[in-house]
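Asker: Structure of the sequence below:
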Amino acid sequence: MFELALILAAFGGGILGALIGALPAFIFTGFVGLIGMGVIASGGPATILTDVTFGALLGPHIAFAGGVAAAAFAANKKGSLESGLDIVTPLKKTNDISVLFVGGIFGIVGYMINAVYVELALKTDTVALTVFTSAIIARLVFGRAGLFAIFAPKNAEVAAAVDNPKPSIFPDSKTLAFVAFYSLGLGLVISYLVDLTQIDVLGFVISAATLIFVQMGFDLPATHHITLVAGYATIATGNIYIGALFAVISGVLGEIAGKTFNSNADTFIDPPATSIFILSFIVFLFM
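Answerer: Below you'll find the model as predicted:
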């Protein structure tokens with residue numbers, strides 16, 4: 001099930017995710033995925049899309065997950081990062097080999113977990129489920145807040161400095177309506193394009209690439225869970241309206257997952273990955 005070369009490559013991929021940061025690594029997943037689709041469109045092999053974009057170098061279960069775990073370790077165990085929720089900052093700033101080593105180990109963990117899920121033929125997006133699983137492990141190992149992040153500041157002074165000491169773990173109705181509306185828009189256009197091209201990850205790689213604007217500091221939402229689930233549902237049913245419906249559900253579910261897992265947390269659990277593995281399970285099993 002496991003190959004030594006891939007284990008070593010995954011270690012390197014995890015180090016990359018830690019070195020440049022989880023989000024920058026994921027943005028590269030998007031851009032390299034776009035190149036991979038271009039190669040396929042020109043009649044070339046799918047290697048760049050399958051083995052590079054979703055493999056040991058840039059696979060989210062390896063590079064992104066390695067970066068997430070390294071950030072949790074750097075913040076909560078080494079004190080060299082302000083927050084374990086910070087997946088934007090490249091961890092080169094820590095100048096700490098142990099931080100990169102943790103990233104590498106979680107790269108291997110991601111490779112092995114995904115291999116097991118694939119071997120078990122789980123009816124879900126195994127990469128997304130692995131990203132979620134890896135983040136759970138990182139939280140339990142490196143975090144102090146517990147799985148659902150019921151985080152208590154160490155002292156009253158810290159508590160007083162928090163603007164909202166009891167932030168909601170559930171999004172408000174106005175936010176949910178806003179998310180549902182833009183998810184519908186994205187679902188309609190991506191479902192149409194996926195139906196046209198029959199490439200289910202088309203929207204995913206575009207969405208991942210747009211996160212470069214988040215890295216630049218702009219306030220944009222992650223949308224890859226919306227567009228990927230729309231693609232899955234459209235391919236499974238051949239119906240773009242069902243694709244759009246799943247896009248809306250995925251957008252709302254991702255928003256709820258983000259509030260539930262990350263509102264008071266000191267490590268990051270990826271809401272889009274949570275939404276993708278849950279809804280892809282429904283699509284793959286019942287459609």
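Asker: Specify the local secondary structure of Gly258.
Answerer: helix (DSSP: H, G, I helix; E, B strand; the rest coil).
Asker: Just give the nearest non-adjacent residue to it, would you?
Answerer: Pro271 (3.7 Å; C-beta to C-beta, 6 or more residues apart in numbering). All C-beta spots, glycine's among them, are computed from the backbone N, C-alpha and C.
Asker: ranges for the helices of the stretch 1-150 of the chain?
Answerer: Using DSSP state H, counting those that start in this stretch, the helices assigned to the stretch 1-150 of the chain run over residues 4-20, 22-41, 47, 65-73, 97-119, 126-142.
Asker: sorry, back to before: how many other residues sit next to the residue nearest to Gly258?
Answerer: When neighbours are defined as other C-beta atoms under 10 Å, Pro271 has 21 of them.
Asker: coming back round to it: turn the helices of the stretch 1-150 of the chain into TSV, including distance to Ala177 and mean neighbour count.
Answerer: Converted to TSV, those look like this (distance: least, C-beta to C-beta, whole Å; neighbours: other C-beta atoms under 10 Å):
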stretch	distance to Ala177	mean neighbour count
helix 4-20	35	22
helix 22-41	27	20
helix 47	42	13
helix 65-73	30	33
helix 97-119	35	22
helix 126-142	25	22
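Asker: Which of the helices and strands in this structure ranks last by mean pLDDT?
Answerer: helix 156-161 (a mean of 47; mean pLDDT, DSSP states H and E).
Asker: next structured bit after that helix?
Answerer: Sequence order places helix 173-197 as the next helix or strand after helix 156-161, per DSSP states H and E.
Asker: and that following helix, which residues are buried?
Answerer: Using 16 or more other C-beta atoms under 10 Å as the test for burial, helix 173-197 gives 179-180, 183-184, 186-191, 193-195.
Asker: Just flag the most distant two among the residues you listed.
Answerer: Val179 and Asp195 (23.5 Å; C-beta to C-beta).
Asker: picking that back up, list the contacts for the residue nearest to Gly258?
Answerer: Pro271 is in contact with Ala222, His225, Gly254, Glu255, Ala257, Gly258, Phe261, Asn262, counting by C-beta atoms under 8 Å, 6 or more residues apart in numbering.
Asker: Asn76 too?
Answerer: Gly84, Phe142, Gly143, Arg144, Asp266, Thr267.
Asker: Could you find the lowest-pLDDT member of those?
Answerer: When those are sorted by pLDDT, the bottom entry is Arg144 at 88.
Asker: That one is in contact with Ala265, isn't it?
Answerer: No - under the criterion of C-beta atoms under 8 Å, Arg144 is not in contact with Ala265, lying 9.6 Å apart.
Asker: Show the buried residues in the contacts of Asn76.
Answerer: By 16+ other C-beta under 10 Å, the contacts of Asn76 give Gly84, Phe142, Gly143, Asp266, Thr267 as buried.
Asker: Taking the residues you listed, tell me the two that lie furthest apart.
Answerer: Longest span within the buried ones among the contacts of Asn76, C-beta to C-beta: Phe142 and Asp266, 8.4 Å.
Asker: between these two, what contacts are shared?
Answerer: Ala72, Asn76, Gly84.
Asker: contacting residues around the first one?
Answerer: In this case it means Ala72. Gly84, Ala138, Arg139, Val141, Phe142, Gly143, Asp266, Thr267, Phe268.
Asker: Tabulate those residues (JSON lines), appending distance to Met112.
Answerer: Formatted as JSON lines, the contacts of Ala72 follow (distance: C-beta to C-beta, whole Å):
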{"residue": "Gly84", "distance to Met112": "23"}
{"residue": "Ala138", "distance to Met112": "15"}
{"residue": "Arg139", "distance to Met112": "19"}
{"residue": "Val141", "distance to Met112": "16"}
{"residue": "Phe142", "distance to Met112": "19"}
{"residue": "Gly143", "distance to Met112": "22"}
{"residue": "Asp266", "distance to Met112": "26"}
{"residue": "Thr267", "distance to Met112": "20"}
{"residue": "Phe268", "distance to Met112": "21"}
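Asker: So which of the residues you listed is the closest to Ser42?
Answerer: Distances from Ser42 to the contacts of Ala72, taken by C-beta to C-beta, are shortest for Phe268, at 36.9 Å.
Asker: From what I see, that closest one and Ala69 are in contact.
Answerer: No - the criterion here is C-beta under 8 Å, and Phe268 misses it with Ala69 at 9.3 Å.
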